[in-house]
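In: Sequence and predicted structure are below.
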Amino acid sequence: MKKKNHLFKFLSLIVVLGLLLSACGSKTGSNGSSGSSSNSKPKEDISKFPLAVKNDKSAVADGSLNYALVSDTPFEGTLNYAFYQGEPDAEVMQFFDEPLFATNGDYEFTNDGAASYE
């Protein structure tokens, strides 16, 4: 009887979480357009971000780096080269998934990667 009680509680939790997450989804009107709010910024503001920044000051001790990714496609979080589909995932993966052999501009292997050869 205890197993059935635990199973019922677990399934109830899953249903409640599913309903909660579906309520947090995007708000679309009957015409399929997203609901707009008074504080949403137009898309043209994205072009005002600089593509490169420069800092000549010394590093901050115990500092952290905040990285922003601006994209019109969602970040899926599938951080595996075998399974990802979107460009935002590839942008993030480049920071921590180093290839075994590096290549130059002509796509020839060099000894600059994680491994070297003779």
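Out: Arrived safely, thanks for sending.
In: the strands in the protein, which residues?
Out: Along the chain, the segments classed as strands by DSSP state E run 102-103, 109-110.
In: Just send those strands back as TSV, with mean pLDDT too.
Out: Output for these, formatted as TSV (pLDDT from 0 to 100):
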stretch	mean pLDDT
strand 102-103	87
strand 109-110	88
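In: Next, count neighbours for residue 89.
Out: 22 (other Cβ atoms under 10 Å). (C-beta placed from N, C-alpha, C; glycine too.)
In: and the gap between it and residue 66?
Out: Counting by Cβ to Cβ, to the nearest Å, the gap between residue 89 and residue 66 amounts to 19 Å.
In: about what we covered before: save the strands of the chain as TSV, and put in mean neighbour count too.
Out: TSV is the format used below for the strands of the chain (neighbours: other Cβ atoms under 10 Å):
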stretch	mean neighbour count
strand 102-103	14
strand 109-110	13
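In: Which secondary structure element of this protein has the lowest mean pLDDT?
Out: helix 2-23 (a mean of 79; mean pLDDT, DSSP states H and E).
In: re the thing from before, now render the strands of the chain as JSON lines, adding distance to residue 47.
Out: Formatted as JSON lines, these follow (distance: least, Cβ to Cβ, whole Å):
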{"stretch": "strand 102-103", "distance to residue 47": "32"}
{"stretch": "strand 109-110", "distance to residue 47": "36"}
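In: one step back: would you mark the buried spots in the least confident helix or strand of the chain?
Out: For helix 2-23, the neighbour count (16 or more other Cβ atoms under 10 Å) marks no residue as buried.
In: picking up where we left off before, among the strands of the chain, which comes closest to residue 93?
Out: Among those, the nearest to residue 93 by Cβ to Cβ is strand 102-103 (15.9 Å).
In: Any chance you could list what contacts the closest one?
Out: Here strand 102-103 makes contact (Cβ atoms under 8 Å, 6 or more residues apart in numbering) with 109, 110, 111, 112, 113.
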